[in-house]
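Asks: Here's a sequence, model it:
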Amino acid sequence: QVHLVQSGGGYMRAGESLTLSCAASTTIFSTSPMGWYRQAPGNGRDQRELVATISTTGATNYADSVKGRFTISRADAKNTVYLQMDSLKPDDTADYFCNAGGQFSGGRYYPNMGLWGRGTQVTVSS
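Replies: The predicted structure follows:
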């Protein structure tokens, strides 16, 4: 069974930077599109916001709210995907979840509902 292990959350101040990591327990990454989602405080799982995606070829897409501040990248040799978050804002406060093995269709990423990381909390104070 594949597991996604997340790390890197924490308490930050506005303007600071933070990198999240998501490592898979197997060599799934090289053939898997990946995505990062976030769930704001008080929101349910069905309200997770897609933050960034990366295809198997390295093509990336971002939510407008993070474009220019966040960078998603992947290191297939390490079975790891990263989310570099710069110029953090209080609105970035959320639990962040990685997702593996989703599909792109019509320019949209559809998550693999069976393969999520457990989430990592990011809190940004003003």
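
Asks: And residue 80, how far from residue 110?
Replies: As judged by CB to CB, to the nearest Å, residue 80 and residue 110 stand 22 Å apart. Any C-beta I mention is one placed from the backbone N, CA and C, and that applies to glycine too.

Asks: Same question for residue 4.
Replies: Separation of residue 4 from residue 110 (CB to CB): 17 Å.

Asks: go on, residue 58?
Replies: 19 Å.

Asks: who's more crowded, the two?
Replies: Shown here are residue 58 and residue 110; by other CB atoms under 10 Å, residue 110 has more neighbours (14 against 10).

Asks: so who does that one touch?
Replies: Neighbour list for residue 110: 102, 103, 104 [criterion: CB atoms under 8 Å, 6 or more residues apart in numbering].

Asks: which residue packs closest to residue 48, ignoring adjacent ones?
Replies: Counting by CB to CB, 6 or more residues apart in numbering, residue 37 is the residue found nearest to residue 48 once chain neighbours are left out, at 4.3 Å.

Asks: how many neighbours does the one you found have?
Replies: That count, for residue 37 with other CB under 10 Å as the rule, works out to 24.

Asks: Ok, the one 3 residues further on next?
Replies: A count of nearby residues for residue 40, using other CB under 10 Å, gives 13.

Asks: can you check the one 10 residues further on too?
Replies: The local packing of residue 50 (other CB under 10 Å) involves 18 other residues.

Asks: Got the phi and psi for the nearest residue to it once chain neighbours are set aside?
Replies: Nearest residue to residue 50, sequence neighbours excluded (CB to CB, 6+ apart): residue 37, at 5.6 Å. When read as degrees, to the nearest 10, the backbone of residue 37 gives phi -120, psi 160.

Asks: Skipping adjacent residues, who's closest to residue 96 in space?
Replies: Spatially, and ignoring its direct neighbours in sequence, residue 96 is nearest to residue 38 (4.9 Å; CB to CB, 6+ apart).
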